[in-house]
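Engineer: from the sequence below, what's the structure:
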Amino acid sequence: MMIREMNNDITLRSFTVDDSEELFQLTDRSREYLGKWLPWIDYTKEVNDTKEWIQASLKGVVETGGYIKTAAIIYKGSIAGTIGFNIIDQTNKSGVIGYWIGEDFQGKGIMTQACKALIDYGFRELDLNRVEINVATGNLKSKAIPERLGMTLEGTKRQVEKIGGKFHDHFVYSILADEWQK
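Structural biologist: From the prediction side, this is the model:
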């Protein structure tokens, strides 16, 4: 079980099936907000959908050889969102981070701290050379996170994600291990 305590208020930890109800309620409360940027929100209609996602994430730990793909972001004892490596390419030592946070938890620096901890985990424990974050070009709050972390804007993926019948472009940000060490 991965546990990363960033400060007294923010911790990353592995999900358990017991988190299903709380995570679903967070998703449901933030449905309209999250639906602007996340295509899976329309498929998360009940607690069991969240439970199945957590179970698949836990199964993924075994399939990856032991690294945690997705973690719960805990803020003052409550689940605030999720973060993880959507993709890890072991051959090329690179990973792509995905994340979301509930609307109630916006603007507290939680996601920036969580990304910082996950990037550090990727470089130090997974021996990655490159970490990438892809952000919808219109999602200004999310775009600010890789910028605050000193990541390099590499370019734009055009019409890479379809949400609500509309295609969205993504900015691609990255940072390399030797840049992170500085």
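
Engineer: the lowest-mean-pLDDT helix or strand in the chain - contacts with which helices or strands?
Structural biologist: Scoring the helices and strands of the chain by mean pLDDT, DSSP states H and E places strand 3-5 at the bottom, with a mean of 71. Counting contacts by 3 or more Cβ pairs under 8 Å, 6 or more residues apart in numbering; DSSP states H and E, strand 3-5 is packed against strand 10-14. Where you see a C-beta, it was placed from the backbone N, CA and C, and this is true even at glycine.

Engineer: ok, and what's touching the strand it packs on?
Structural biologist: 1-6, 58, 61, 68, 71-75, 83, 110, 113-114, 117-118 (Cβ atoms under 8 Å, 6 or more residues apart in numbering).

Engineer: check which helix or strand the residue positioned nearest the centre of the chain maps to.
Structural biologist: Note on the chain: the residue nearest the mean C-alpha position is Tyr99, at 2.1 Å, using Cα atoms, centre = their mean. In this assignment (DSSP states H and E), Tyr99 forms part of strand 94-101.

Engineer: given that strand, what are its sheet partners and their directions?
Structural biologist: Note on strand 94-101: by DSSP bridges, its sheet partners are strand 78-89 (antiparallel), strand 130-136 (parallel).

Engineer: right, and the helix or strand after that strand?
Structural biologist: helix 110-124.

Engineer: follow-up on the earlier one: between the strands paired with strand 94-101, which one is nearest to Asp28?
Structural biologist: Smallest distance to Asp28 across those (Cβ to Cβ): 12.5 Å, for strand 78-89.
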